[in-house]
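K.L.:
Let me see the structure of the following:
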Amino acid sequence: MSRPEGLLLYTPEDAERNRWFISELCRYAESEGLSLRLCLVQEGDPRPTFRQMPAFIVNRSRCSLFSTYARDHGIPCFNSAAVTAVTNDKFLTYDFCCRTHGIPMAKTRQFRRQDSANGLHYPLVAKPADGHGGEDVAWIADDAALQQYISYFREKHPAPSYPFLLQEPVVTGWDVRIYVLSGEIYAAVLRTSENDFRSNFSLGGHAAVIEPDTAMRALVQRVQDILPLDFAGVDLLRHPDGGYLLGEIEDAVGCRMLYQLTDKDPAKDYMRHIAQHI
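P.N.:
Just a heads-up that it's a prediction; the model follows:
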């Protein structure tokens, strides 16, 4: 009996950084009676066509086009088209989770470089709508810092209408990444930094495994209720007045911290989840 054959989607850049994890996913696919093949894709690639439809797709590319194609053709896709579309646009995450469903988040607005800075109240945090890993996130203390960020952003994104986000700051140098697997909390890691308002582990922040408290669990469940996650990271922030806020949701969540800090094997457990749902 032939094994169900699936595609593992990565961008070339992410595939290079994640060669070991890719090999682990493929290895554990075999042990679950599946076949998994790496397929390199980019946002903006033509509509995908396949000589033979895959039995399933594991989309780690952050490109929603391919998840949408899978949904429209009845192909199981992990994560779903809705998750990939919403979570990889930070303003859409804010609009969907906060504005539509009332999940608490830091107040956020889109800003295009031709917009007026009148009425802004500093400090603010600027970030790309499609960024991840803390890349291009900046502290904006005043108008001069905003103009400097606009100049920097213009070089990276020449299109005049391409927006970035301005966000009210919360407690800095602190967040909790809660890994969700198969709809359940899989692990939680507190990330802190004494030298940077960003707490990302990849930027040199400190990380420690914690047991999420009742309020953290409730907030993650609210996310799961509106946006079912196969495997993703839910980042929680602290409000200066107390309580937690949803920071963002990482679709193609990195697993480096889990391998370094725990005895968990996310590649193995993720492939087991996939095998049970195709």
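K.L.:
Please count neighbours and contacts with C-alpha atoms only from this point.
P.N.:
Fine.
K.L.:
who's residue 232 bridged to?
P.N.:
With DSSP bridges as the criterion, the beta-bridge partners of residue 232 are residue 180.
K.L.:
in stretch 146-159, what counts as buried?
P.N.:
146, 149-150, 153 (16 or more other C-alpha atoms under 10 Å).
K.L.:
So this structure: which segments form each domain?
P.N.:
The chain breaks down into these domains under automatic domain parsing: 5-86, 107-167, 171-250.
K.L.:
closest to residue 277 out of the ones you listed?
P.N.:
domain 5-86 (7.9 Å; C-alpha to C-alpha).
K.L.:
now do the same end-to-end measure for the closest one.
P.N.:
27 Å (C-alpha to C-alpha, to the nearest Å).
K.L.:
any weak-confidence spans in this protein?
P.N.:
Within the chain, the stretches with pLDDT under 70 are 1, 46-50, 159-161, 195-204.
K.L.:
ok, which stretches of it are helices?
P.N.:
Remark: helices assigned in the chain by DSSP state H are 12-17, 19-31, 64-72, 81-87, 90-93, 143-156, 214-226, 256-261, 266-276.
K.L.:
Nearest to residue 114, out of those helices?
P.N.:
Proximity to residue 114 (C-alpha to C-alpha) singles out helix 143-156 among the helices of the chain, at 9.3 Å.
K.L.:
Check the offset of the closest one from the chain's centre.
P.N.:
Centroid displacement of helix 143-156 relative to its chain, using C-alpha atoms, centre = their mean, to the nearest Å, is 24 Å.
K.L.:
What of stretch 73-83?
P.N.:
In terms of C-alpha atoms, centre = their mean, the centre of stretch 73-83 is set 16 Å apart from its chain centre.
K.L.:
hey, C-alpha coordinates of stretch 216-230 in CSV?
P.N.:
The C-alpha coordinates for stretch 216-230 follow below in CSV (Å, rounded to 0.1, in the frame of the first residue of the first chain):
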residue,chain,number,x,y,z
MET,A,216,-2.9,33.1,29.8
ARG,A,217,-4.8,29.9,29.1
ALA,A,218,-8.1,31.7,28.8
LEU,A,219,-6.6,34.2,26.3
VAL,A,220,-5.1,31.4,24.2
GLN,A,221,-8.4,29.6,24.2
ARG,A,222,-10.2,32.7,22.9
VAL,A,223,-7.7,32.7,20.0
GLN,A,224,-8.2,29.0,19.4
ASP,A,225,-12.0,29.4,19.4
ILE,A,226,-11.9,31.9,16.5
LEU,A,227,-8.8,30.7,14.6
PRO,A,228,-8.2,26.9,15.1
LEU,A,229,-4.4,26.3,15.1
ASP,A,230,-2.7,23.1,14.1
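K.L.:
What count of nearby residues applies to residue 59?
P.N.:
Residue 59: 26 surrounding residues under other C-alpha atoms under 10 Å.
K.L.:
Noted, bye for now.
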